[in-house]
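A.B. asks: let me see the structure of the following:
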Amino acid sequence: MELSSVWMWAAVAMVLLIGEMMTATFGLLFFGVAAAITAVIVIAAPDLQPAVQLMIFGALGLIGILVGRKWIKAKLASKAAPAVNLDSNSEFAIDRALAPGQEGAVLYQGTPWSAKNDGTEPINTGDRVKVIRTSGIKLIIQKVK
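C.D. replies: Predicted structure coming up:
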């Protein structure tokens, strides 16, 4: 058994897997696993030529990418966070006037936010407003009647 080939494949696997941990792109993961499997194959068949070892490594890595990335993407997509609007129906006193359709910076929970008056009535400083929904990082508000 040629022990140096086994150690070389094990080292390649470790470098690739550590690189995957640093990047988390799933690109190096499959080739790291392929290098580890190639090391095991070299232990089982120590007379394999280096060219055959490289072909096994390349084939396993490509198969891993073709099959594994689709599977991982499907798993990650199925666990996407649901759209939650925790701020809707919150009420607060506004610190500036906003005409209907106007946007401006307001203080909401002690932090400046971009807000848009989605109602038909003008909002005056000190009026109570209600968050109807959020649009990205913008509060869509209306005057409380």
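
A.B. asks: now the most centrally placed residue in the chain: how far from residue 23?
C.D. replies: With distances taken as C-alpha atoms, centre = their mean, residue 76 lies nearest the centre of the chain, 8.6 Å away. Distance check for residue 76 against residue 23: by C-beta to C-beta, to the nearest Å, it reads 16 Å. Every C-beta, even on glycine, is put in place using the N, C-alpha and C of the backbone.

A.B. asks: if we ignore the residues flanking it in sequence, what's nearest residue 141?
C.D. replies: Spatial nearest neighbour of residue 141, excluding adjacent residues (C-beta to C-beta, 6 or more residues apart in numbering): residue 129 at 4.4 Å.

A.B. asks: what sits against the one you found?
C.D. replies: Applying C-beta atoms under 8 Å, 6 or more residues apart in numbering, one finds that residue 129 lies in contact with 91, 92, 93, 94, 123, 141, 142, 143, 144.

A.B. asks: helix or strand: which one has the residue nearest to the centre of the chain?
C.D. replies: If you go by DSSP states H and E, residue 76 is part of helix 50-78.
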